[in-house]
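*Asks:* Quick one: sequence and predicted model below, then my questions.
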Amino acid sequence: MKKILNKKTLFISLFTLALLVILSFTIFFIWSQDTFEAVDADQIEMEEVIEPEDGWYIYRAENAEKGLILYPGAKVEPEAYGYLAQELSKQDITVAIPSVRLNLSILDVSKADEIIESDDSIEWYVSGHSMGGAAAAMYADQHLDRVNGLILLGAYAASNDYLSESTLPVLSISGSEDGLSTPEKIKENSSNLPETTDFIEIPGGNHAYFGVYGSQSGDNEAQITVSEQQEIIVDLIVDWLENDHSLGQSGS
């Protein structure tokens, strides 16, 4: 009788645990699908609607020599970075934005492999906003021989194996009013990037305006318009890439 009771207790415990796991995953899945979508904004004009190709939104620049892979922020739809990609493509930079697993770039870090392996004629740089920036830094850390540089947008890198000691060109663009990737967090985590990293703070810029998806909980109100911040970001990236960064990093 005791053995029967023990088996019954074990069964009930395992069944309860399974239900809790299923419930937790369901809640997490529902949360991950509550995304930030692209919105209309003053002076932001999308000239062409780009349809996804195998999970990628690609803004091609004719005869582009350089390309940027842009990981989205957590739960931010790829289209929210469409204007930034459109404007960069006008400057002869091909931009590829992935749809990532459960809308969380951190769960799909190796996604950049798909684009890099499909076109090795372009000098690829990896980039990302917010959590997407952390994912981009993780990718760069493990693929120093595959990327030509890293661009962080309102983001910072976690501790890593090789990136911080490498000579990989890195540009960190932040906003003075960013309430999520705050100036303090950018500074605290600066040692996780190479010593030669270029840190540039946009006066009046906030977190959400690195994309075009409205406001975001926890963020501060920007002191400039979204179109002004987007224009500054484009200019900073173009100027930085035109410095002809060479692939001279060391690491894995």
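*Replies:* Structure received. This is a predicted model, so every value here is computed, not measured.
*Asks:* Would you map the helices across the stretch 1-150 of the chain?
*Replies:* 2-32, 82-89, 112-118, 131-142 (DSSP state H, counting those that start in this stretch).
*Asks:* Return the most buried member of those.
*Replies:* By mean neighbour count, with neighbours taken as mean count of other Cβ atoms under 10 Å, helix 131-142 ranks first of these at a mean of 26. C-beta here means a position set from N, CA and C on the backbone, and glycine is covered the same way.
*Asks:* just to revisit the earlier point, let's have the helices of the stretch 1-150 of the chain in TSV, adding mean pLDDT.
*Replies:* Output for the helices of the stretch 1-150 of the chain, formatted as TSV (pLDDT from 0 to 100):
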stretch	mean pLDDT
helix 2-32	68
helix 82-89	98
helix 112-118	96
helix 131-142	98
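*Asks:* Which one of these lies nearest to Glu165?
*Replies:* Glu165 sits nearest to helix 131-142 of all these, at 10.2 Å, using Cβ to Cβ.
*Asks:* so how far is that closest one from its chain's centroid?
*Replies:* Computed by Cα atoms, centre = their mean, to the nearest Å, the chain-centroid distance of helix 131-142 equals 8 Å.
*Asks:* Tell me which other helices or strands the helix or strand following it touches.
*Replies:* Per DSSP states H and E, the first helix or strand lying C-terminal to helix 131-142 is strand 150-153. Counting contacts by 3 or more Cβ pairs under 8 Å, 6 or more residues apart in numbering; DSSP states H and E, strand 150-153 packs against strand 123-129, helix 131-142, strand 170-175, helix 226-241.
*Asks:* which other residues reach the longest one?
*Replies:* Helix 226-241 is touched from outside by 41-44, 66, 68, 83-84, 87-88, 91, 93, 125, 149, 151, 153, 171, 173, 175, 198, 200, 202, 204-206, 208-210, 212, 222, 224, with contacts defined as Cβ atoms under 8 Å, 6 or more residues apart in numbering.
*Asks:* Buried by neighbour count, from these: which ones?
*Replies:* 41, 44, 66, 68, 83-84, 87-88, 91, 93, 125, 149, 151, 153, 171, 173, 175, 202, 204-206, 208-210, 212, 222, 224 (16 or more other Cβ atoms under 10 Å).
*Asks:* Start from the N-terminal end of the stretch 151-252 of the chain and give the strands.
*Replies:* 170-175, 198-202 (DSSP state E, counting those that start in this stretch).
*Asks:* Could you list the low-pLDDT ranges of this protein?
*Replies:* For the chain, the stretches with pLDDT under 70 are 1-5, 7-8, 10-11, 15, 19, 23, 25, 28-29, 31-34, 244-252.
*Asks:* switch to 80 and redo it
*Replies:* 1-35, 244-252 (pLDDT under 80).
*Asks:* circling back to that earlier point, the helices and strands packed on strand 150-153: which one's closest to Glu117?
*Replies:* Across the helices and strands packed on strand 150-153, closest to Glu117 is strand 123-129 (Cβ to Cβ), at 10.2 Å.
*Asks:* residues making contact with that closest one?
*Replies:* Under Cβ under 8 Å, 6+ apart, the answer for strand 123-129 is 65-73, 76, 81, 105, 112, 115-116, 133-137, 139-140, 146-155, 210-211, 241, 247.
*Asks:* buried residues in stretch 188-202?
*Replies:* Result for stretch 188-202 [16+ other Cβ under 10 Å]: buried residues 189, 192-194, 197, 202.
*Asks:* would a markdown table of the strands of the stretch 151-252 of the chain with distance to Leu17 be doable?
*Replies:* Output for the strands of the stretch 151-252 of the chain, formatted as a markdown table (distance: least, Cβ to Cβ, whole Å):
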| stretch | distance to Leu17 |
| --- | --- |
| strand 170-175 | 43 |
| strand 198-202 | 46 |
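*Asks:* Of all these, which one comes closest to Gln216?
*Replies:* Per Cβ to Cβ, nearest to Gln216 of the strands of the stretch 151-252 of the chain: strand 170-175, 12.0 Å.
*Asks:* Okay then, goodbye and thanks.
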